[in-house]
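[1] using only what follows, build the 3D model:
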Amino acid sequence: MSSGRPLLERGLSPDRFREFYYLKEELISFCRDEGLGISGGKSELTERIAYYLETGKKMSNPVKKRGKPPTEFTLDSQIEKDITCSEKYRAFFKEVIGNDFKFNVEFLKWLRNNHGKTYQDAVDEYLKIREEKRNGVKTDIDRQFEYNTYIRDFFADNKGRSLKDAIICWNHKKGMAGNNSYERSDLSALTDDQNDHST
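    Predicted structure coming up:
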């Protein structure tokens, strides 16, 4: 079996599809060509495509009912389902936390996964996330941001290497079956690249 990354096309097995890394743009392009929905993050697109490759059918998307945002809320109010980062919430958090408040990925993720908790819990979590960032604590990066994770881990293990080196290794890794996590053995791609340029 070829170790090269297969074309994303109808007829590709779902298991084979999941073994490789595809850009979000490639996933969207496939969905568009096949008449599948193109909304959602990379993980949702991946699930949609895998289901289609396995069954030949379009995955039905349940209609999400957004919780109606409260007109007024306090620190004791409960966080509603499907909260958004609208100006109303931004103003509320700025008033409580200070003008340096900004929505960030970790905090938004926490809000969306913790409906039913109070806004006081949200404020406490925001302050905790901010403190961890100030102290250099690394946060986990979602699977859809594999490139960012790879580059971060590459530099953690290779002080003084260039972004060009990191990208060469990343391009090598994403073309292989399996996970896309950085491994020291990926540095072999740099030797291969130098050999290609010397011939």
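
[2] domain assignment for this structure?
    The chain resolves into domains spanning 14-55, 66-139, 143-198 when parsed by automatic domain parsing.

[3] same list (those domains) but as CSV, adding distance to L7.
    No exception for glycine: its C-beta is placed from N, CA and C like everyone else's. What follows is these, written out as CSV (distance: least, Cβ to Cβ, whole Å):
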stretch, distance to L7
domain 14-55, 10
domain 66-139, 32
domain 143-198, 13
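
[4] so which of the ones you listed gets nearest G4?
    Among these, domain 143-198 comes nearest to G4, with 6.7 Å by Cβ to Cβ.

[5] tell me where the model's unsure across the protein.
    1-3, 60-71, 137-145, 193-199 (pLDDT under 70).

[6] so which of the domains of the chain is nearest L8?
    Of those, nearest to L8 by Cβ to Cβ is domain 14-55, at 5.0 Å.

[7] how far out from the middle of the chain is that closest one?
    The chain centroid and the centroid of domain 14-55 are separated by 15 Å under Cα atoms, centre = their mean, to the nearest Å.

[8] likewise for stretch 130-137?
    The answer for stretch 130-137 is 20 Å, by Cα atoms, centre = their mean.

[9] likewise stretch 168-182?
    Chain-centre distance of stretch 168-182: 16 Å, with Cα atoms, centre = their mean.

[10] how long is it from one end to the other?
    Stretch 168-182 has an end-to-end distance of 12 Å (criterion: Cα to Cα, to the nearest Å).
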